[in-house]
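Novice: Next input, structure requested:
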Amino acid sequence: MSSFGKFSLSLRKESEFMLRKPHLIIVLLTMIMFCTFTSNAEETEKKEEAKEKKLSGFLSAGGSLSSGNIDKSDIKATGGIATDDSTISFALAGKYTFSQSDHKIKNNGIEAALKVDFIQYRKWSPLLACEYVHNTYKGYNFRLYSVAGVKYRIYNKPKVCDYSISLAGLYDVVDYTDDKKTLDDQAFRLSLRPKMKQKIGESVHLIEKIFYQPKVGEFNDYLIRNEAEIECKIVSALYLSVIYEFDYRSVLPPIREDVTYKHSDHSLEFSLKFKL
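Specialist: Residues are numbered from 1 along each chain as shown. Okay, here's the model as predicted:
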């Protein structure tokens, strides 16, 4: 076989391998985005950093269409509060999801998250975060994440756009609804998260976040989450929000009461958001 033939065969095998490993493709695309923006980015730290903490919040209510482990329409209520400060900032948010049909509850979930940023307007900044999830209809009595890492601001233009990427260590604690304890209930994971916030026109914002979280030492066990939001201002403090969420887990919880869990969940949410 000629050298060109060997090269073509090798390239084809590598391509087939990448297609069988979608999480590797996500990592590769993230690295390309990082290198592209970094090569053209200039120092964009805020010239006038906040000297006092600015408090803000939001409340929203709406509904969603879900498919995957839960193929139903839901009602959702969310809320949050945050401070914006150059030294230390925090954001606290919660979400409640519920659905019922034929007098039977089909979905009943609670999510809560806390994030703390230090010197957030610097190019490099440390962060801490934790998240709590309760939803027996997805196989969890609870799931608790604890995160510590660093964020790199790729490019920022105040009130127009903000691009960043973060790398963190994550401690994952899970209490599955199955009592057999056939899966690990504790794991250390890596967390890679690119984020984009872009203003479109006068009153529309696009917010995109992707999380890739492989288990340390066992990269076939990984979580992927994509959150894409379009936020459109209606009047002074009232916004229309459309959110698409995709969750994927490579390892499934054990079967419970003849219920077979699925790898992925999709959700499309429409809500009205009031900003405080």
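Novice: which stretches of the stretch 1-150 of the chain form helices?
Specialist: 3-20, 22-40 (DSSP state H, counting those that start in this stretch).
Novice: least reliable of these going by mean pLDDT?
Specialist: Here the helices of the stretch 1-150 of the chain differ in mean pLDDT, and the lowest is helix 3-20 at a mean of 47.
Novice: for residue 99, what are its contacts?
Specialist: 70, 72, 73, 74, 75, 105, 106, 107, 108 (Cβ atoms under 8 Å, 6 or more residues apart in numbering). C-beta coordinates here come from the backbone N, C-alpha and C atoms, glycine included.
Novice: List the contacts of stretch 226-234.
Specialist: 203-211, 239-246, 273.
Novice: repeat that with 7 Å
Specialist: With Cβ atoms under 7 Å, 6 or more residues apart in numbering as the test, stretch 226-234 has contacts from 203-210, 239-246.
Novice: tell me which residues of that stretch are tucked away?
Specialist: Judged by neighbour count using 16 or more other Cβ atoms under 10 Å, the buried positions of stretch 226-234 are 226, 227, 229, 231.
Novice: How about stretch 234-244?
Specialist: So, applying 16+ other Cβ under 10 Å, buried residues of stretch 234-244: 239, 240, 241, 243.
Novice: Any chance of TSV for the residues you listed, columns secondary structure, pLDDT and distance to residue 86?
Specialist: As requested, the buried residues of stretch 234-244 are arranged in TSV below (DSSP: H, G, I helix; E, B strand; the rest coil; pLDDT from 0 to 100; distance: Cβ to Cβ, whole Å):
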residue	secondary structure	pLDDT	distance to residue 86
239	strand	96	26
240	strand	96	31
241	strand	96	28
243	strand	94	29
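Novice: Out of the residues you listed, which is nearest to residue 250?
Specialist: residue 243 (23.7 Å; Cβ to Cβ).
Novice: separation between the closest one and residue 54?
Specialist: According to Cβ to Cβ, to the nearest Å, residue 243 stands 25 Å off from residue 54.
Novice: ditto for residue 268
Specialist: Distance from residue 268 to residue 54, by Cβ to Cβ: 32 Å.
Novice: Give me the more crowded residue out of the two.
Specialist: More crowded of residue 268 and residue 54, by other Cβ atoms under 10 Å: residue 268, with 14 against 10.
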